[in-house]
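[1] I need the structure of the sequence given here:
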Amino acid sequence: MRLDEYVSIDNKIARSVNLERDAADIEQIRRFQITPMVQRMLGRFADALEGEPVPAWSLTGSYGSGKSAFCNYLLALCSNHADSIRETAFAGLMKHTMRQPIHMGVSCHYTTLHSGLDCNA
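    Here you go, the predicted structure:
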């Protein structure tokens, strides 16, 4: 048996993410996977927006674990309200929340993020 008989690689998402180059890549935002870890991180971010004291942020992980992809997704969520990339990011989040229950912290804060807090302030 060969490994390629069990595992297939989607070459569309196999390359590394570059924060500058890929910030406006709407297809990358469309393909972003909302995992339980992403749910927790979005919940923590929403808590911070609502005033929870957060002295510093650190996003760590091994190469290829999705740090830059998450940052680009978060930037898309916080982009200009009329921006199609923002709507694409929220559509992915809504699609995910319709499929399965989302962690309480994120469900409480989804409206906060979607209602238009200015993440650029």
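
[2] For the residue nearest the centre of the chain, which non-adjacent residue is closest in space?
    Closest residue to the average C-alpha location of the chain: residue 73 at 3.8 Å, with CA atoms, centre = their mean. Nearest non-adjacent residue to residue 73, counting by CB to CB, 6 or more residues apart in numbering: residue 32, 4.7 Å away. The C-beta positions use only the backbone N, C-alpha and C, and glycine is treated the same way.

[3] for residue 92, same thing?
    Once flanking residues are discounted, residue 92 sits nearest to residue 32: 6.0 Å by CB to CB, 6+ apart.

[4] rewinding a little: now the residue nearest to the centre of the chain, what are its backbone angles?
    Main-chain torsions, residue 73, degrees, to the nearest 10: phi -70, psi -40.

[5] and what of residue 78?
    Dihedral pair for residue 78: phi -100, psi 10, per degrees, to the nearest 10.

[6] Could you list the low-pLDDT ranges of the chain?
    Within the chain, the segments meeting pLDDT under 70 span 10-15, 81-82, 97-121.

[7] What segments of the protein are strands?
    Counting by DSSP state E, the chain has no strands to list.

[8] Surely residue 19 and residue 71 touch.
    Yes: with contact defined as CB atoms under 8 Å, residue 19 reaches residue 71; the gap is 6.1 Å.

[9] Looking at these two, which one has more neighbours?
    residue 71 (15 against 12; other CB atoms under 10 Å).

[10] Next one: the more buried one relative to residue 8, how far apart?
    In this structure, residue 71 and residue 8 are 27 Å apart, going by CB to CB, to the nearest Å.

[11] do residue 59 as well
    28 Å.

[12] more crowded one of these two?
    Neighbour tally, residue 59 and residue 8, criterion other CB under 10 Å: the higher count belongs to residue 59, 12 against 7.

[13] Show me what the helix ranked longest in the chain is packed against.
    Counting residues, the longest helix found in the chain (DSSP state H) is helix 84-99. With contacts defined as 3 or more CB pairs under 8 Å, 6 or more residues apart in numbering; DSSP states H and E, helix 84-99 has these neighbours: helix 26-31, helix 67-77, helix 104-114.
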